[in-house]
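>>> the sequence and its predicted three-dimensional model are supplied below.
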Amino acid sequence: MKTKIMKPLIQGGVILLCLSILGSLLSSSVLAQEPNEESGELGEGQSDYIPFEIKVGEMVQGELACKEALRVIIVDPILRESVDFGKIVGSFFYAAETEGRYRIVITNPTKETLGYTLTYTVLPTSLAPGTNSGPGIIRRNLLAIIFGVPAVGGIIYLFIRLRKKKREDFERKRDDFRKRIKKTE
């Protein structure tokens, strides 16, 4: 008698586990963007222009690694300076105001030749706070099904908690960036 009851429960649990794995793969493939890496050397006063495509609401997250601070500017599709980060080494964020081909301009303000490595990623709209489209909806629908099975639900809960922490860190950095921009204006 017990085996007749347990077998469908186990099969249901396995099916829900497979659905959760499929949902995880689906959402990570939509969210994950390959980081782009550009390297170069700049002499005194020289600049490099790195183009990238972005849509309204998307963000570009960049990381500049170099020996000394270089000047970083974002130029919009109509070749107007959109934001000047000044001399930086480290991270920067930018949210697109219009769709099109933007440029990251890196300039060497020093009197020596400097090498740099720029790693940047265009973050899709689905990562922006307050969006009700994209993989977030799929993930929430899957969670409604998954949490019916306690063992799988606990594992998924831990996974979601970790992703939420990463998102909170991203939002905190983005808010700090926006505050810095307002201070410079």
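Arrived safely, thanks for sending. Numbering: from 1, shown residues only.

>>> wait, what's in contact with Val75?
Tyr49, Glu81, Ser82, Tyr102, Arg103, Ile104, Val105 (CB atoms under 8 Å, 6 or more residues apart in numbering). The way it works is simple: take the backbone N, C-alpha and C, and place the C-beta from them, glycine included.

>>> so it bridges to which residues?
Applying DSSP bridges to Val75 gives these bridge partners: Glu81, Arg103.

>>> show the model's pLDDT score for it.
Val75 is assigned 93 on the pLDDT scale.

>>> just to revisit the earlier point, any of the contacts of Val75 buried? List them.
Ser82, Tyr102, Arg103, Ile104 (16 or more other CB atoms under 10 Å).

>>> same list (those) but as a markdown table, adding distance to Met59 and pLDDT.
Below are the buried ones among the contacts of Val75 laid out as a markdown table (distance: CB to CB, whole Å; pLDDT from 0 to 100):
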| residue | distance to Met59 | pLDDT |
| --- | --- | --- |
| Ser82 | 13 | 89 |
| Tyr102 | 11 | 94 |
| Arg103 | 16 | 94 |
| Ile104 | 13 | 94 |
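
>>> tell me the one of the residues you listed nearest Arg174?
Proximity of the buried ones among the contacts of Val75 to Arg174 (CB to CB) peaks at Ser82, which lies at 16.0 Å.

>>> hmm, Ala95 and the closest one touching each other?
No - contact criterion CB atoms under 8 Å: Ser82 and Ala95 do not qualify, at 10.1 Å.

>>> follow-up on the earlier one: quick check: the farthest pair among the contacts of Val75?
Tyr49 and Ser82 (13.7 Å).

>>> re earlier: any chance of the buried ones among the contacts of Val75 in CSV, plus distance to Val56?
Converted to CSV, the buried ones among the contacts of Val75 look like this (distance: CB to CB, whole Å):
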residue, distance to Val56
Ser82, 13
Tyr102, 12
Arg103, 17
Ile104, 18
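
>>> go through these and say which is closest to Lys55.
For the buried ones among the contacts of Val75, the nearest to Lys55 is Tyr102 (10.6 Å; CB to CB).

>>> so how far is Pro51 from the closest one?
7 Å (CB to CB, to the nearest Å).

>>> just Phe93 next, same as before
Distance from Phe93 to Pro51, by CB to CB: 18 Å.

>>> tell me which stretches of this protein form helices.
For the chain, applying DSSP state H gives helices covering 2-31, 135-146, 150-184.

>>> out of these, which gets the lowest mean score?
Sorting those by mean pLDDT places helix 135-146 lowest, at a mean of 47.

>>> Phe92 contacts Ala69, doesn't it?
No - proximity of Phe92 to Ala69 does not meet the contact threshold set by CB under 8 Å, at 11.9 Å.
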